[in-house]
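A.B. asks: next comes the sequence, and after it the predicted model I'd like to discuss.
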Amino acid sequence: MSAESPEPKEQAVAASDDTTAASTEPASSGGDRWREAYFRIISGGWAVSLGAVILAVLAGSLMIMVTDQGVQAALPYFFARPGDTFAAIGSAVGGAYAALFRGAVWDFRADDFAGAIRPFTQSLTMATPLIAAGLGVALGFRAGLFNIGGKGQMLVAAAAGGWVGFGVSMPFPLHMIVAIVAGVAAGAVWAGIAGVLKAFTGAHEVITTIMLNYVAFYLVSYMLATPGLLQAPGSSNPKTPPMQDTAVMPDLLGPRYNLHWGFVFALIAVAFVWWLLNRSKVGFEYRAVGENPDAARVAGINVPRTTVSVMLVAGGLVGLAGVTQVLGTVTTGFSYDIDAGIGFDAITVALLGGSQPIGVLFAAILFGAFKAGGSVMQAAENVPIEIVTVVQALIVLFIAAPPLVRAVFRLPQPGARWTRSSRKEVAA
Amino acid sequence: MKLELRGITKRFGTLVANDQISLTVEPGEIHCLLGENGAGKSTLMNVLYGLYTADEGEVLLDGEVQHFRGPGDAMAAGIGMVHQHFMLIPVFTVAENVMLGHETTLPGGRLDLDAARTKVNEIARRFGFQVDPDALIEDLPVGVQQRVEIIKALSRDAKILVFDEPTAVLTPQETDEFMQIMRQLRDEGAAIVFITHKLREVREVADRITVIRRGQVVGEATADQPDTELAAMMVGRAVELTVQKSAPKYGANSLVVQDLEVTDPSGIVVVDGVSFTVRGGEVLVVAGVQGNGQTELTEALVGLQKASGGSVVLDGQEMVGRPVAEVLGAGVGFVPEDRSTDGLVGEFTVAENLMLDRRGGPPFVKAGMLQLGPRDSFARDAVEEFDIRTQGIGEQVSRLSGGNQQKVVLARELSRELRLLVAAQPTRGVDVGSIEFIHKRIVETRDAGVPVVVVSTELDEAVALGDRILVMYRGRVVGIVPSTTPRDELGLMMAGITPQKGSDVA
Amino acid sequence: MTATTNAPAAPVEVRHVTVVSRKAPIALASFTALFALLIALAPREGSTNFRLASDGDFVTLPALVVPGTATAWVCVVVAAVLTAVAFAYVRAQRKVPLWVSAVFAFALLFGFLAWAGAGSARDFPVSTLIFNTVLLAVPLVFGSLGGVIGERAGVVNIAIEGQLLAGAFTAAIASSLTDSAWAGLFAAMVAGVTVAAVLGVFAITYKVDQIIVGVVLNVLVIGLTSFFYSEVLVPSAERLNSTTRFGPTPIPVLSGIPIIGPALFNQTVVVYIMYLAVPAVWFALFRTRWGLRLRAVGEHPQAADTVGIKVERMRYAGVLVAGAVVGIGGAFYTIVSVSSFNKEMTAGAGFIALAAVIFGKWHPVRAALAGLLFGGASALRNALDIVGAPVPSQFMLMLPYVVTILAVAGFVGQSRAPAADGQPYIKE
């Protein structure tokens, strides 16, 4: 677990250096340079992130502690032999986090380096759809749109990409590319519906994207249950046939690892979104609309068109998450649970990543590691994987409320405008 | 009740908004608090009203020290306040707004709305107001809303009444009526604090005057002192109340507006058959009390409001029906009325805001990509040229003062080739130093041969800046007159009364 | 200035023109066209039997038998006429009255049922349909009432889902331990309030973005309940997870009314609480001092502050009361519907409730009606299963969500939320 902490640290610096740094300046003027640097570190964003991770991990430990049978067995005679209780706690908590680490980062029981590093590649595999979908949600946030429709967008993307993947015959790179494009386009269209409705009728995107999740779910369910659409021939299960080899994303590190080219595509998406938001005219308009739609309109930005365009790009990114699932991670055919909750996890990832592309990347890897490590922890130590969900939620919650974390750890407050910057750190 | 403030100091971070301010207001007197925008008048009153806690000093009522922990305490002690921005809930009725915070209930917990209606009617009758207790606030004209605020304060038996810039939204006529109400309240024994920066009003009603500048009391004055003296006290140096400008030299450009009509979503025709011509090299000031269609007129000129009829022709090209980006691209500079909501993206940096409406192409955008180098060097030049006080071009624009924010907007709109400048209330909420600068830049633009349309609600500004003045009332043009027209005639026009002579309606 | 005193009163009046949105008739037209298309493409033989009585009725009504497809076409005609009426209203520059939409909705529903049930050997159970509509709407109605209260106070509550789930979880444990459904109900309210308190601390005190807190709270509650379900409830399911439920309590006289009696007045106590809760919330919000202040705080907190209302305290009050209300809805799952808790058993109902809040324009009665609509959609699916649905069940399931999208786009449009909804109140 401790090895995870550098990641949120880094992303928080990326997310907040433009806001908190500015606000600490007047407060720390004067005094010697070292004191100033120290002050800046402990009042800066990453100290809060570190504190948030520590608090969340402590809460997780508490949950393991109170439900562990060894601890429960030792507790009744706590006053006679307190050592037993502490030993039981140590073994329960330590064992769980060790298993998490072993499943997420480095398998210290493996014989060679290749085996030891395998969990980390597994984390990256798990992170791949989270990166893409997290980018989609983050892009929406930056433009002032709350895309809760990740589930639906992933499902239609998986259906479209998957259909091309198993139903069409083409040579290798072309087949894969066409399948990816089909999936990305389907995701874009699905989110685009919400964009069009918002732009031209004012229908709130929170409602429409939620509704479109259900519509997509039942649509894909129908297709999975209908021979000739998505259902595997000769089967009565709601499941597709496996993908053709020509459409599958190749392994990135050879057959020993699950990590596939989808991860590279996700990295490319990170770079693309960073460029889009920070260097392109279109992204400038997205951000202007997101921060102040009135001023954007006065400056001649076509707000409805921007809304549609943001949703198209966001849906395309979530769609990429859907295709990496069916063409990369689960190539043996999929069912209507292929989204695996990623559409909703993506919201948390985007929040933790401060809606910044780089932040999303690290947040997604952290969450991917939790996922990969969580299943090993569940198998080895019998700790339900949901504890990972709790720890993730707590991290985001604490990071969203810097004053709370500062109060717990007695860190100094930066500047006077904390409400604004704390909002920015997470929501921006 | 007698009000005393002793040595009030209030700081926000490093800014000292009130510095050792002392003030006494006797019952039965109107005490004017005179000072320019940002002098600290409103802060002082918020301290008095319990919204802010003073860092030092104390508030005394009839000689007793008060400790207000919130407005509730201040009200209970007999202080009533009419805020500059009305503290009324738009979707509530008059009666609901008046009762809010001191509601009476019937058995069973039901609100006693009848009691509130009775109260409203009773107070309204006393002052001769026409107010329907069941009308929604958002449906009422601002003048009536202000009366609701007064009723609200009186319904709580306020003995000390604070009016914060109450005349900003009123017609000259309504202002006169308001002065009358203040006098009546005074004669009934209330202690009145009247906050304003308008010298004329001060001289008309003030029993005593305290001038505040930069958070400090700079002196007391009497109502018979000349304008220039009062203004000098207020600003801290001798001010020119006029704008230096020569006779217009007409250029080639021209804006011709014909029968322009704008209808708002609820069906009110907010701009109703407006026609005028502005030639290059002249400033046309659109004057009138706020809310008579000026905002919608400017927005229709740049395409932000859909015109439901009429035409806007700039240099022979029709502008109606074109998207905003195209209108701006055709060389129209636009300074919106509310810079923080419409003119700037607060979270963006100064540099980003300086290119906000200049994304169309080079130098700031090439092939869809932002050009950060040209953007930053332009921003540095603009900060220099327009004297924008900022820590750097990377600073968030929301951290700048109002005047400096307005300079960012102006710098953006003026530093390109213009064929028309439309500036709505360019100096509202801006300090005097910046006002002079902004006026100077507008006159320079005019002298460069550009037609300029300025919206102003301040008669002084209209007269000083305009070559001609167009007065709007309820969406229509009352008249277009030279800026040499006497003030009382302009005042009549602002109340919707067509002038007898001297009109040259285009 | 003095010259104005003897001047005549303002001579110019503001001109008014009437503006009517064309959205409503266009929406009606598209609904009609869609339905006509459906029965044209898939005509059905035979007649439909609407069973109006249920066993043991005091008065037994005969079944209503209509020819299926013909009736459907009659309904199309009725709908078309109503659409024309709506267009006529718009052309006359008047608003489309509510009765047109109401009759329209009824005509289409009736037509649809006639078409769907045509030729089926089984009767169409009208009473059961109404019964299930009300029953399935319970969590949605309580959820949306809670949502309305919170948002009226200016706090957006995305965490309805989490509150429902927490309510279901604690109700299960409390009811199992005490053998009392009432204890379960009370525990669920406490759980709802607890989640609300966390929302309050972060959203009101720490001024964290309310949407972020809500999203994260959902994840947190899902994680916590799933973890403790696996670790605690499953190992001792007998003791902790087999609840005592509320049984049906027929109301004398009323339950004897034909059709609606058994449907509406032979329900459980929780349903009766719902009947009372809707008018109670309406009364509290619009007729009491508490409601006036609550709405003031949600519309214009600064104005409320200046008349001495404690904004934050009022917002806490709203959020906590809302939590209790949503908690009742959560109890539905484990002490009305089934007798044990299961992971994520609320299955997105909180989001549907959120949609109902917006669909219902932040009004308790309209939001409750929207909740009923969604409940009805689920009930309809069960009813159609009985008669043998002519369309794939997935499309039936999809229908309510599609209708919501169309309705939000067509009828609601840019509805107005409380002005300060979602904004923290920052004093200085």
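C.D. replies: Structure received. This is a predicted model, so every value here is computed, not measured.
A.B. asks: backbone dihedrals for residue B:450, please?
C.D. replies: phi -90, psi 140 (degrees, to the nearest 10).
A.B. asks: pLDDT score assigned to residue 330?
C.D. replies: This is for chain A. Here the pLDDT value assigned to residue A:330 is 90.
A.B. asks: wait, chain B was what I had in mind.
C.D. replies: Confidence at residue B:330, expressed as pLDDT, is 91.
A.B. asks: same question for residue B:362.
C.D. replies: Per-residue pLDDT puts residue B:362 at 81.
A.B. asks: please name the nearest non-neighbouring residue to it.
C.D. replies: Spatial nearest neighbour of residue B:362, chain neighbours left out: residue B:371 (7.6 Å); criterion: CB to CB, 6 or more residues apart in numbering or on different chains. In short, each C-beta sits where N, CA and C put it, glycine included.
A.B. asks: show me what contacts that neighbour?
C.D. replies: Residues near residue B:371 by CB atoms under 8 Å, 6 or more residues apart in numbering or on different chains: B:362, B:363, B:364, B:365.
A.B. asks: I'd say the third one and residue B:376 touch.
C.D. replies: No - applying CB atoms under 8 Å, one finds residue B:364 not in contact with residue B:376, separated by 10.2 Å.
A.B. asks: compare those two (neighbour count), which wins?
C.D. replies: residue B:364 (22 against 16; other CB atoms under 10 Å in any protein chain shown).
A.B. asks: look up phi and psi at the more buried one.
C.D. replies: Dihedral angles (degrees, to the nearest 10) for residue B:364: phi -90, psi -20.
A.B. asks: ok, residue A:376 - contacts?
C.D. replies: With contact taken as CB under 8 Å, 6+ apart, residue A:376 is in contact with A:99, A:100, A:102, A:103, A:104, A:119.
A.B. asks: who wins for neighbours among those residues?
C.D. replies: residue A:100 (32 neighbours).
A.B. asks: could you find the closest non-adjacent residue to that residue?
C.D. replies: residue A:373 (3.9 Å).
A.B. asks: against chain B, how distant is that neighbour?
C.D. replies: For residue A:373, the distance to chain B equals 37 Å [CB to the nearest CB, to the nearest Å].
A.B. asks: and that residue, what helix or strand is that in?
C.D. replies: For residue A:373, the host element (DSSP states H and E) is helix A:357-381.
A.B. asks: any idea how far the residue nearest the centre of chain B lies from chain C?
C.D. replies: With distances taken as CA atoms, centre = their mean, residue B:428 lies nearest the centre of chain B, 5.2 Å away. Distance of residue B:428 to chain C, given as CB to the nearest CB: 20 Å.
A.B. asks: show me the contacts for that residue.
C.D. replies: Going by CB under 8 Å, 6+ apart, residue B:428 touches B:337, B:457.
A.B. asks: which stretches of the stretch 101-250 of chain C form strands?
C.D. replies: Using DSSP state E, counting those that start in this stretch, the strands of the stretch 101-250 of chain C run over residues C:124-125.
A.B. asks: ok, and the closest non-adjacent residue to residue A:51?
C.D. replies: That would be residue A:405: by CB to CB, 6+ apart, it lies 4.2 Å from residue A:51.
A.B. asks: give me the neighbour count for that neighbour.
C.D. replies: 22.
A.B. asks: what does the stretch 301-450 of chain B have sitting close to chain C?
C.D. replies: Contacts of the stretch 301-450 of chain B with chain C, taken as CB under 8 Å from any CB of the partner chain, are absent.
A.B. asks: okay, helices next: where are they in the stretch 301-450 of chain B?
C.D. replies: For the stretch 301-450 of chain B, applying DSSP state H, counting those that start in this stretch gives helices covering B:324-329, B:350-354, B:372-385, B:402-414, B:432-447.
A.B. asks: will you turn those helices into a markdown table that also has distance to chain A?
C.D. replies: Converted to a markdown table, these look like this (distance: least, CB to the nearest CB, whole Å):
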| stretch | distance to chain A |
| --- | --- |
| helix B:324-329 | 3 |
| helix B:350-354 | 7 |
| helix B:372-385 | 8 |
| helix B:402-414 | 9 |
| helix B:432-447 | 18 |
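A.B. asks: domains of the chain?
C.D. replies: Picking chain A for this. A:1-104+A:384-428, A:120-365 (automatic domain parsing).
A.B. asks: meant chain C, my bad for not saying
C.D. replies: C:23-121, C:133-374.
A.B. asks: is the shortest one positioned near chain A?
C.D. replies: Yes - residues of domain C:23-121 contacting chain A under CB under 8 Å from any CB: residue C:23.
A.B. asks: which regions of chain C lie under the pLDDT threshold?
C.D. replies: For chain C, the stretches with pLDDT under 70 are C:1-20, C:53-61, C:389-390, C:410-415, C:427-428.
A.B. asks: residue B:174 - nearest residue in space that isn't next to it in sequence?
C.D. replies: Nearest residue to residue B:174, sequence neighbours excluded (CB to CB, 6+ apart): residue B:143, at 4.6 Å.
A.B. asks: can you name the element that comes right after the helix or strand harbouring that neighbour?
C.D. replies: Taking DSSP H and E as the criterion, residue B:143 maps to helix B:142-155. Per DSSP H and E, the first helix or strand lying C-terminal to helix B:142-155 is strand B:160-164.
A.B. asks: now do whichever helix or strand comes after that next one: everything it contacts.
C.D. replies: Downstream of strand B:160-164, the first helix or strand assigned by DSSP H and E is helix B:172-187. Outside helix B:172-187, the residues within contact range by CB under 8 Å, 6+ apart are B:28-30, B:127, B:143, B:146, B:150, B:161, B:163, B:166-167, B:170, B:192, B:194, B:201, B:204-205, B:207, B:289, B:491-492, B:494-495, C:1, C:4-5, C:7.
A.B. asks: now restrict the residues you listed to buried residues only.
C.D. replies: Buried members of these, counted by 16 or more other CB atoms under 10 Å in any protein chain shown: B:29-30, B:127, B:143, B:146, B:150, B:161, B:163, B:166-167, B:170, B:192, B:194, B:201, B:204-205, B:207, B:289, B:491-492, B:494-495, C:1, C:4.
A.B. asks: flag every buried residue along stretch B:207-215.
C.D. replies: Taking 16+ other CB under 10 Å as the criterion, stretch B:207-215 shows B:207, B:208, B:209, B:210, B:211, B:212, B:213, B:215 as buried.
A.B. asks: widest-spaced pair of the contacts of residue B:371?
C.D. replies: Farthest pair in those (CB to CB) is B:363 and B:365. Separation: 8.3 Å.
A.B. asks: and the two? which has more neighbours close in?
C.D. replies: Each of residue B:363 and residue B:365 has its neighbours counted (other CB under 10 Å); residue B:365 has more, 20 against 13.
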